[in-house]
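>>> Sequence and computational prediction follow.
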Amino acid sequence: MPQRHSKNNNDLAFFTYDERKKLGYGTQKERLGKDSIKPFDACCICLQPIIDPMSCMKGHLFCKECIIECLVAQKKDIKRKLAAFIQQQKSDKEEEIDKVTAEKQQELDAFDRQNNSAVPHQQIAGSSGDRHVFHGANSVRVTSYEEEALRTMKAFWLPSATPGAVERVQAPSTDTVCPEGKEKLKLKGLFPVVFTEVRNREKKEVDLDSFKYMCPSCSVTLTDTLTLVAVSTCGHVFCKKCADKFVAPDKICLACNNPCKPKNLITLEKGGTGFAGHDENLEAKAFKHVGSGTGMGLARPTTKL
């Protein structure tokens, strides 16, 4: 007769699904909450409510001051890396000239000794013909590299005396990039964004969190759950339904009556920064490994957004 199972059965040689869930064993998944998601009206750099909003062609929103400071800082960094790269190339040319000069001087000295000395010419140690020269039965040939190492590295076993490779500077890119999308971005590639505030609303206190925006077409309050579309020519923001139904077919902005084309409709990115997920990937994962022999063993939670 088979054994009777119970919810509190703990004499099995393996974890049941309920025990593994309570213990937190394996990969645990959890959808990110509102606190982990950037609001649609927040800057991608400072994560604060936008002031003088501007957007790139990929739909990332920035404060005007934040994005200008970011691009200027990138240009300064590019200028610094470019100066270091030019200095490295200059040093390489000087070393190459010094090497050629030293080789020529070595050839001249060898020619002078061969023609002006009564003693037969001997090859210089470490040269190409050094292996054909007899140094005596008890002599030990030492290359120039070994001589230099023995002369400079008195305590070669110490970490401070360990030789290291010279760090090479790679040729930097001269293009500034978007801090969010990592694509090429210039200041002229940005356009101002205009949000329409909710009408007939009392503003008793100056609180940035209380500011609400709406679609100028259907007057629906804009939230994080809606997909927003901005017109790059004038900057007005609509919900995606109104943009697809009215703005795109008529090729005219409903807020200012300025002409626009379908390529001018830019979908604004929402819900993510460098610290949170985007759209369908709003899920946090934590892996916990439980070792054998103890209750918890080795637990290493690693969160991946």
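Received, thanks.
>>> hey, where'd the strands end up in the stretch 201-305 of the chain?
Along the stretch 201-305 of the chain, counting by DSSP state E, counting those that start in this stretch, strands occupy 213-214, 228-231, 237-239, 265-267, 283-288, 303-304.
>>> what's the least confident stretch among these?
Mean pLDDT is lowest for strand 303-304 among the strands of the stretch 201-305 of the chain, at a mean of 43.
>>> Residue 265 and residue 245 touch, don't they?
No: counting by Cβ atoms under 8 Å, no contact exists between residue 265 and residue 245, whose distance comes to 12.0 Å. Yep, even glycine has a C-beta here, placed from its N, CA and C like the rest.
>>> between these two, who's got more neighbours?
It is residue 265, of residue 265 and residue 245, that has more neighbours when counted by other Cβ atoms under 10 Å, with 18 against 14.
>>> what's near enough to touch the more buried one?
When contacts are counted by Cβ atoms under 8 Å, 6 or more residues apart in numbering, residue 265 touches 229-232, 243, 247-248.
>>> One more pass at 7 Å, please.
229, 231, 243, 247-248 (Cβ atoms under 7 Å, 6 or more residues apart in numbering).
>>> can you tell me which two in those are farthest apart?
Spatially, the most separated pair among the contacts of residue 265 is 231 and 248, at 10.2 Å (Cβ to Cβ).
>>> okay, those two: which has more neighbours?
Using other Cβ under 10 Å as the criterion, residue 231 and residue 248 rank with residue 231 on top: 25 against 16.
>>> Would you mind measuring from residue 48 to residue 194?
Applying Cβ to Cβ, to the nearest Å, the value for residue 48 to residue 194 is 19 Å.
>>> For residue 223, see how far away the closest residue to residue 254 other than its chain neighbours is.
Distances taken as Cβ to Cβ, 6 or more residues apart in numbering place residue 217 nearest to residue 254, at 4.9 Å, with adjacent residues excluded. Note on residue 217: its distance to residue 223, by Cβ to Cβ, is 16 Å.
>>> What mean pLDDT does stretch 176-193 get?
90.
>>> who's in contact with that stretch?
Identification of contacts with stretch 176-193 by Cβ under 7 Å, 6+ apart yields 44-45, 53-58, 60-61, 67, 70-71, 74-75, 175, 230, 232, 235, 237.
>>> pull the CA atoms of that stretch into CSV?
As requested, the backbone C-alpha atoms of stretch 176-193 are provided in CSV (Å, rounded to 0.1, in the frame of the first residue of the first chain):
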residue,chain,number,x,y,z
THR,A,176,28.9,62.1,-29.2
VAL,A,177,26.3,59.5,-28.2
CYS,A,178,22.9,59.4,-26.5
PRO,A,179,23.4,58.6,-22.8
GLU,A,180,20.3,56.3,-22.9
GLY,A,181,20.2,54.7,-26.3
LYS,A,182,24.0,54.8,-27.1
GLU,A,183,23.4,55.9,-30.7
LYS,A,184,25.1,58.9,-32.3
LEU,A,185,23.6,62.1,-31.1
LYS,A,186,24.2,65.8,-31.8
LEU,A,187,22.6,68.9,-30.4
LYS,A,188,20.9,69.6,-33.7
GLY,A,189,19.3,66.1,-33.5
LEU,A,190,17.2,67.1,-30.5
PHE,A,191,13.8,68.7,-30.7
PRO,A,192,11.8,70.4,-27.9
VAL,A,193,8.8,68.5,-26.5
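>>> ok, and residue 98, which helix or strand is that part of?
helix 64-116 (DSSP states H and E).
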